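Prediction below, plus the sequence it came from.
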Amino acid sequence: MIGAHKVEPTTIETAVMKYLDDARARHLAEATITKLTTIFEKQFLKFAKDHGYRFLKDLTPDRLTAWRSTWRDEALAASKKYQRVVGFFYFCMRMKWISDNPMKSLHPPKVKQDPTLPFTAEEVNAMVSACDRLPIKGIYGEGHRNRLRAMVLLLRTPAYVSAMPPHSAASASATVSSSSTCRRPVCRSLCRCRPTSSRRSTKPRTCIELLLLVRQRPPKETATAIAVAFNAGQL
């Protein structure tokens, strides 16, 4: 059409700069910004310039495969980099600069991670014994040992505090009172909850009761109650 304005295709450099500006505008962590800058400014742009690729349309799956072959990352780091590059091209799609994601034509790196195994009984006993040898200092005095002993015994249970879903005290109490077993899928897969009776017990019989006990009691009482449950075989 005569007089029509010709739209220039988006350059790779422009796309990278706007992508990083958007990441900063979203207030991502400084460490994340640094990683993105390293990947896209120092590595991606350099590869494109060295091979004469100027526009986004120049980045075909074949050429991206060639770029990935230059990565020197281990499997896990390469997998995370792959996801970041995929995210970059999705950003370009949202900006209407490209119609599809060329990085999705590449298979992601295969990551094989060894499972994190639980502590053995000998390791737990060694940690509990070490608590009794800690120096009594600070405002807690003897309670310092009890606090650490309580934490070690909590780690000994199949359900870690950090792995549990964020139950509120009310909902957790209702779960213990109204059900014979813990119904929450995450809890059921992480712990060996035993049936509870309708009458509340003074000893923690489920991981949820144990968490409630830790929240509601002072450190010394917490350590004592956990030790009682541990010796009774309830944890």
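Thanks, I have it. Numbering: from 1, shown residues only.

Which positions within stretch 98-109 qualify as buried?
Of the residues in stretch 98-109, those buried by neighbour count under the rule 16 or more other C-beta atoms under 10 Å are 98, 101-103, 106, 109. All C-beta spots, glycine's among them, are computed from the backbone N, C-alpha and C.

from the residues you listed, which two are the most distant?
Ile98 and Pro109 (23.0 Å; C-beta to C-beta).

gap between the residue lying closest to Glu41 once chain neighbours are set aside and Arg147?
Of all residues beyond its chain neighbours, the one nearest Glu41 is Val16 (6.5 Å), with distances taken as C-beta to C-beta, 6 or more residues apart in numbering. With the distance defined as C-beta to C-beta, to the nearest Å, Val16 ends up 50 Å from Arg147.

Give me the domain ranges for the protein.
With domains defined by automatic domain parsing, the chain comprises 12-105, 121-231.

Comparing the ones you listed, which yields the minimum mean pLDDT?
Considering those one by one, the lowest average pLDDT is found for domain 121-231, at a mean of 54.

who touches the closest residue in space to Asn101 that isn't next to it in sequence in this structure?
The spatially closest residue to Asn101, leaving aside those adjacent along the chain, is Phe89, at 4.4 Å (C-beta to C-beta, 6+ apart). Going by C-beta atoms under 8 Å, 6 or more residues apart in numbering, Phe89 touches 98, 101-104.

do that again at 10 Å, thanks
For Phe89, the set of contacting residues under the criterion of C-beta atoms under 10 Å, 6 or more residues apart in numbering consists of 15, 19, 56, 59, 64, 97-98, 100-104.

which one of these sits closest to Ala29?
Looking across those and measuring by C-beta to C-beta, the closest to Ala29 is Tyr19, at 16.1 Å.

Check which helix or strand the closest one maps to.
In this structure, Tyr19 sits in helix 12-25 according to DSSP states H and E.

which helices and strands does that helix pack with?
helix 30-37, helix 45-50, helix 75-94 (3 or more C-beta pairs under 10 Å, 6 or more residues apart in numbering; DSSP states H and E).

which residues touch that helix?
Helix 12-25 is contacted from outside by 8, 10-11, 28-30, 32-33, 36-37, 39-41, 44-45, 47-49, 53-59, 87-89, 91-92, 94-95, 97-98, using C-beta under 10 Å, 6+ apart.

Can I get the buried part of those as one ChimeraX selection?
To isolate in ChimeraX the members of the contacts of helix 12-25 that are buried, counting by 16+ other C-beta under 10 Å, one can use:
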select :10,11,36,39,40,44,45,47,48,53,55,56,59,88,89,91,92,97,98
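
nearest residue to Ala75 other than its sequence neighbours?
Counting by C-beta to C-beta, 6+ apart, the residue nearest Ala75 is Val111, at 4.7 Å.
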